[in-house]
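Visitor: What shape does this take:
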Amino acid sequence: MTSSIELPFSFEHLSLPGGVRAAMQRNPGKIALKHHEQQRSYGELMERVDQVCAGIIDNIGLKHGEHAAIVAANSIEYLEIILGASQAGIGTATVNPRLSPPEIVAICDDAEARVLFADQTSAEALKDRAFKTVGKIIVIGPEFEGWLAQTSPLKTLPTVEEWDTFTIPYTSGTTGKPKGVLVPHRSRVISLYAMAVEYGCFAPDDRFLAIAPMCHGAGMIFALAPIFFGGYAEIMDRFEPEQVVRKFRDEKITGFFGVPTHFHAIFSLEQSFLDEHTSKTLHTIISNAAPLPQTMKEKIIGHFGQILHETYGSTEASIVSNLRPGDQLRKTACVGQAFPGTQIEIRREDGSLCKSDEVGELFSTSSCLFNGYWRRPDETAEAFHAGWVTVGDLAKKDSEGHLYIVDRKKDMVISGGINIYPRDIEETLLQHPAISDTAVIGIADEKWGEKLKAFIVLAPGKELDADGVAAFCEGRISSMKTPKEIAFIEALPRNASGKVLKTDLRQR
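Guide: Predicted coordinates:
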């Protein structure tokens with residue numbers, strides 16, 4: 001027999017704009033955000049968020065539960081639009097501006113977005129494109145400012161429930177067609193509190209450098225976390241390693257989030273430059289979105305000290321695990337233990353639990369899960385299993401409960417009936433001093449079913465051939481794991497979050 005409790009009072013729902021508003025009330029004049037020479041105090045930020053909210057409701061006429069879209073580089077306006085729209089009960093599809101115009105239109109159509117906010121570059125590329133549902137495009141810049149100026153403040157803010165959609169980031173499409181992930185306010189707010197505990201860099205006195213694209217889930221949450229807790233965030237719209245290193249020191253940055261490609265670029269700089277601009281205030285570095293090679297972890301720790309966190313997560317499940325600074329060199333190729341409030345299970349094909357060090361499919365559950373895929377009931381059902389979520393990653397746990405991501409289920413290669421995990425091979429190849437980047441895939445083979453092919457990016461000024469690769473692998477990995485084909489390319493195809501697009505490599 002079940003019973004429900006009826007509260008005799010209303011309560012404040014968890015929401016992202018609600019949290020930033022609370023931070024504003026502590027100190028309205030404090031600078032919240034900076035982008036180039038542009039700054040916003042908390043008071044100015046929330047005034048503009050309210051204007052966006054009013055404009056979406058009164059000027060455009062969107063109703064609670066409808067959708068908007070944004071395709072733009074990082075900016076303060078980006079956050080104002082996201083917060084203002086979500087305060088109006090409107091979920092916004094965050095579209096990668098690096099996509100082609102047809103891909104952008106397809107996502108806007110799929111999301112049934114009624115209004116599109118675009119930066120000048122994206123608006124120019126889309127000016128002759130036909131959308132199915134977008135009735136208005138607002139260009140960030142003078143047009144956006146003019147639109148804001150026409151709005152009248154709302155007398156009463158709309159009621160937004162915590163399970164309402166905050167944003168709709170689209171999956172990267174590394175293994176298929178992108179899907180809209182319905183992210184609720186509740187999920188992201190609870191994630192923020194767990195992040196504040198785990199990373200220790202989101203207090204009011206902290207200063208965070210936000211460079212990851214906000215169209216991606218991690219880029220969005222790491223830009224919002226500082227201002228949710230009353231701190232400061234400096235936004236960058238493009239990654240320039242020299243400028244990032246300078247900002248660490250000159251802007252007294254305390255926290256930074258990056259992906260492996262960012263760290264590779266930073267450590268490609270002259271050591272004398274890195275030494276000259278060493279920061280004395282930086283106390284937290286967070287890496288996510290793609291595996292961080294062990295060799296790179298050692299470089300980061302060697303230069304910055306033991307301040308590195310490597311996090312694993314997904315748009316669907318939020319942050320799932322974190323390897324804390326003290327374990328970085330003790331646990332090789334590891335992504336740590338379960339994040340606060342998160343449970344992790346490794347399951348066999350039949351659903352039974354794996355033993356320690358046994359590879360299986362990773363499932364997690366927490367209060368930070370997504371609401372499902374937009375208009376994709378079959379894919380949603382495939383992701384959810386009685387309250388647990390999987391995105392198809394293969395993993396194992398050791399006897400201490402530390403998690404190791406072995407590979408994506410769809411990237412696993414079966415050669416001669418043997419399961420081979422490309423990530424193992426990639427980690428080995430990256431130990432070669434001439435190799436700066438690599439990806440390994442399976443390709444069709446008449447005898448073995450599949451064989452391994454490695455795509456290799458050489459470090460500047462270095463030379464290597466296929467025989468050299470084979471010689472390096474000998475004694476380090478078994479012959480069955482040694483790639484049978486080698487392709488040397490200038491750069492691996494990656495999405496905005498830094499993940500390698502292996503579908504593109506397979507199409508080659």
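Visitor: quick one: buried residues of stretch 163-173?
Guide: Neighbour counts using 16 or more other Cβ atoms under 10 Å place Asp164, Thr165, Phe166, Thr167, Ile168, Pro169, Tyr170, Thr171, Ser172, Gly173 of stretch 163-173 among the buried residues. For the C-beta atoms, the positions are set from N, CA and C on the backbone; glycine is no exception.
Visitor: Could you list the low-pLDDT ranges of the stretch 301-450 of the chain?
Guide: 409, 416-417, 446 (pLDDT under 70).
Visitor: Now do the strands in it.
Guide: 308-314, 318-323, 337-338, 343-347, 360-365, 384-385, 388-389, 393-397, 403-408, 413-415, 418-420, 435-445, 449-458 (DSSP state E, counting those that start in this stretch).
Visitor: Taking the buried residues of stretch 163-173 together, which two end up most distant?
Guide: The largest separation in those, counting by Cβ to Cβ, is between Asp164 and Gly173 at 25.9 Å.
Visitor: picking that back up, could you say which one of the strands of the stretch 301-450 of the chain comes nearest to Ala491?
Guide: Nearest to Ala491 among the strands of the stretch 301-450 of the chain is strand 449-458 (6.0 Å), distances taken as Cβ to Cβ.
Visitor: on contacts alone, who are the packing partners of that closest one?
Guide: Helices and strands touching strand 449-458, by 3 or more Cβ pairs under 8 Å, 6 or more residues apart in numbering; DSSP states H and E, are strand 413-415, helix 422-429, strand 435-445, strand 485-488.
Visitor: contact partners of that strand?
Guide: Residues outside strand 449-458 that contact it (Cβ atoms under 8 Å, 6 or more residues apart in numbering) are 413-417, 420, 422, 425, 429, 434-445, 464, 469, 481-492, 505.
Visitor: If any of those are buried, put those into a ChimeraX selection.
Guide: Only the buried entries of these go into this ChimeraX selection, using 16+ other Cβ under 10 Å:
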select :413,415,420,422,425,429,435,436,437,438,439,440,441,442,464,469,481,482,483,484,486,492,505
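Visitor: what about the helices in the stretch 1-150 of the chain?
Guide: Using DSSP state H, counting those that start in this stretch, the helices of the stretch 1-150 of the chain run over 16-26, 42-54, 76-87, 101-111, 120-126, 142-149.
Visitor: Please produce a markdown table containing those helices, extended by mean pLDDT and mean neighbour count.
Guide: Formatted as a markdown table, those follow (pLDDT from 0 to 100; neighbours: other Cβ atoms under 10 Å):
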| stretch | mean pLDDT | mean neighbour count |
| --- | --- | --- |
| helix 16-26 | 97 | 19 |
| helix 42-54 | 97 | 22 |
| helix 76-87 | 98 | 26 |
| helix 101-111 | 94 | 19 |
| helix 120-126 | 96 | 17 |
| helix 142-149 | 97 | 14 |
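Visitor: of those, which approaches Gly475 most closely?
Guide: helix 101-111 (44.3 Å).
Visitor: what comes up buried for stretch 470-477?
Guide: Applying 16+ other Cβ under 10 Å to stretch 470-477 flags Phe472, Cys473, Ile477 as buried.
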